[in-house]
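Engineer: I would like to see how this sequence folds:
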Amino acid sequence: MRVPFVDLTGQHAPLRKEIDSAIARVVDGGHFVGGREVASFEEEFAASLDVPCAVGVASGTDALVLAL
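Structural biologist: Okay, the predicted model is just below:
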């Protein structure tokens, strides 16, 4: 029996339309860094943590550098 390491297709299937829509908004808007999608993420993430603001970064390493 073959057990796949990660089944991204299965994990993404329920979210496929939402993911495709978000990608289309970024491509159509031309804001690949920053922009409305990132601002929206930062606002929603801050609200979920009940803090005044949050900053989106490119990677975990960037987050650690920012924190230090």
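
Engineer: can you pull up the most central residue in the protein?
Structural biologist: Phe41 (7.1 Å; CA atoms, centre = their mean).

Engineer: now do the same for that residue: its pLDDT.
Structural biologist: pLDDT recorded at Phe41 is 92.

Engineer: how many residues are close by Arg25?
Structural biologist: Other residues near Arg25 number 14, with proximity taken as other CB atoms under 10 Å. C-betas here are computed from N, CA, C, even on glycine.

Engineer: show me what the helix or strand where it lies is packed up against.
Structural biologist: Taking DSSP states H and E as the criterion, Arg25 maps to helix 16-29. Using 3 or more CB pairs under 8 Å, 6 or more residues apart in numbering; DSSP states H and E, the elements in contact with helix 16-29 are helix 35-49.

Engineer: neighbouring contacts of the helix it packs on?
Structural biologist: 22, 25-26, 29, 31, 52-56 (CB atoms under 8 Å, 6 or more residues apart in numbering).

Engineer: helix/strand/coil for the closest residue to Ala63 other than its chain neighbours?
Structural biologist: Nearest residue to Ala63 in three dimensions, chain neighbours excluded: Val57, at 5.0 Å (CB to CB, 6 or more residues apart in numbering). Taken by DSSP: H, G, I helix; E, B strand; the rest coil, the conformation at Val57 corresponds to coil.

Engineer: same thing with Val33?
Structural biologist: Of the three states, Val33 takes coil under three-state DSSP.

Engineer: contacts only, for it.
Structural biologist: Val33 touches nothing, counting by CB under 8 Å, 6+ apart.

Engineer: return the distance of it relative to Cys53.
Structural biologist: When distance is defined by CB to CB, to the nearest Å, Val33 is 18 Å away from Cys53.

Engineer: now the helix or strand bottoming out on mean pLDDT in the chain, how far from the centre of its chain.
Structural biologist: Sorting the helices and strands of the chain by mean pLDDT, DSSP states H and E puts helix 8-12 at the bottom, at a mean of 88. Offset of helix 8-12 from its chain centre (CA atoms, centre = their mean, to the nearest Å): 16 Å.
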